[in-house]
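*Asks:* Build me a model from this:
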Amino acid sequence: MRSPAKDQVAFVGVGTTGFTRHGSRSALELGLEASTKAILDAGLTADDIDGVVAVGEPGAPSAPQLIAALGLDAVTHVSRPAPVVMNGITDAVAAVFSGACDHVLVCSAMLMLPWASRGAARDPFRSRVPSGSPGIPESIAMAPAYAAWAGRYLYETGASREVFGRVAVNSRTNAAANPLAVLRDPLTLDDYYAARMIREPQCMLDMDIAVDGADAFVLTTTERARDLPHTPVLVHAASLGLIGKNTEDQLPSLARHGQHVVVEALRAKSDLWIDDVDLFYPYDGFTNITVGWFENCGWCGYGEAEDFLRDNWVDDQARLLLRGRVPVNTHGGSLSEGGTRGTGHVREAVTQLRGAAGERQVDGASVALVTPGGFFFNSQGAVLRRDG
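*Replies:* From the prediction side, this is the model:
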């Protein structure tokens, strides 16, 4: 598979507001704060930004709104891709590599919207049947699908809920060292088993936590990046992945879906894979998504994740360390830092590869595998590496 953009585009700026469950600021205000921080972090000014990618979170500011508020007077590339974040990153890489713009800002701002069941902290798996439509059978569209497919996974493999519980505990343990995270209290497997069941087999601790906040990134060519303040973090390979039947109720099986397409594309485009990575950031919007990424990336085979996670568990640290050296979601992931739709995973990977993660820093980290998104219509991934 051709990969002409390999290592040619780099992250040079990162900005974040941090996250809260009790916010009162607008999405535009949050997006502007994160964007301003990212531009300054890159050692640039507003005059340098000529591309804006505004990830289309519900209620999030559009690219024209960000451009106007930031006072960007000569923008040559704009887009509004759907979440999850790699939709925006791949668009930014293409824009920079093609010459559509020189320095592109990617912004994702999110709110706990009052009309959304997850934002209202009600049952996130409840059926979303249109009002005035009595008698319509319950759908597995959107959130309920994850419970349905989680149950299918347990049925097919004979695994227990322990496999999901270890994902949740690992995220919470790592979040304790992340000041941006909204949930940092310790969590044990016993706590996981005791949590309120929402829809069998998933409980409250199997789903991400809705938050207010924003993340932003600045990308440019690797050549330009080497003249800026921070060590460039190169986009070595990136891909989205869908199959023909890519909606929740049409997915043929767990044997092949979007995650498989992403992995195949990344392996074809990249010179690096799991034997080379120092950091792994699988999406954990729901714990069974994470289990899928472990298996489909090749850390273990289908149905083997329960034994694999148990074998790679560090008891005295209550977290995962794959093959004795690779941590997983060092920021706490969507389950504990907050449901950022993958921006937190990318931000943490870039921060770690820069060597700027403070207490969380993984010594010598130079390659990260980031796999945001689920397995329906938003599977995606990237291999990022430290320049030099």
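*Asks:* contacting residues for Ile67?
*Replies:* Residues counted as contacts of Ile67 (C-beta atoms under 8 Å, 6 or more residues apart in numbering) are 52, 75, 78. All C-beta atoms are positioned from the backbone trio N, CA, C, and that covers glycine.
*Asks:* In strands, which of the residues you listed fall?
*Replies:* Using DSSP state E, the members of the contacts of Ile67 that fall within strands are 52, 78.
*Asks:* Would you format the contacts of Ile67 as TSV with distance to Arg354 included?
*Replies:* Compiled in TSV, the contacts of Ile67 are given as follows (distance: C-beta to C-beta, whole Å):
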residue	distance to Arg354
Val52	23
Val75	27
Val78	28
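*Asks:* so which of the contacts of Ile67 is the most crowded?
*Replies:* Taking other C-beta atoms under 10 Å as the neighbour criterion, Val52 ranks highest of the contacts of Ile67 with 27 neighbours.
*Asks:* got a pLDDT number for the closest residue to that one other than its chain neighbours?
*Replies:* Closest residue to Val52 apart from its sequence neighbours, by C-beta to C-beta, 6 or more residues apart in numbering: Ala63 at 4.5 Å. For Ala63, the model assigns a pLDDT of 97.
*Asks:* Please renumber the chain so that the first residue is 28 from this point on.
*Replies:* Fine by me, first position is 28 from now on; the one you just mentioned is Ala90.
*Asks:* ok, so what distance separates Ala90 from Ser363?
*Replies:* 31 Å (C-beta to C-beta, to the nearest Å).
*Asks:* Spatially central, which residue of the chain would that be?
*Replies:* Central residue of the chain (C-alpha atoms, centre = their mean): Gly369, 1.8 Å from the mean position.
*Asks:* contacting residues around it?
*Replies:* 110-113, 310, 361, 397, 399-400, 407.
*Asks:* quick one: the strands in this protein?
*Replies:* 36-47, 78-81, 104-106, 130-137, 224-226, 229-230, 239-248, 260-268, 306-309, 340-341, 346-349, 353-354, 394-398, 406-413.
*Asks:* Among these, which comes closest to Trp326?
*Replies:* strand 346-349 (6.3 Å; C-beta to C-beta).
*Asks:* The closest one: how far from the chain's middle?
*Replies:* 19 Å (C-alpha atoms, centre = their mean, to the nearest Å).
*Asks:* can you count the residues close to the closest residue to Ser89 other than its chain neighbours?
*Replies:* Spatial nearest neighbour of Ser89, excluding adjacent residues (C-beta to C-beta, 6+ apart): Ala81 at 5.4 Å. Number of residues near Ala81 (other C-beta under 10 Å) recorded here: 26.
*Asks:* and Ala81, what pLDDT?
*Replies:* At Ala81, pLDDT is 98.
*Asks:* In contact with it, which residues?
*Replies:* Ala81 neighbours (C-beta under 8 Å, 6+ apart): 58, 87-90, 92-93, 105-107, 134.
*Asks:* Those residues into TSV, with extra columns for distance to Asn339?
*Replies:* Listed next are the contacts of Ala81 as TSV, based on distance: C-beta to C-beta, whole Å:
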residue	distance to Asn339
Gly58	38
Ala87	37
Pro88	41
Ser89	43
Ala90	42
Gln92	45
Leu93	41
Val105	43
Ser106	39
Arg107	39
Cys134	35
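*Asks:* Good, wrapping up.
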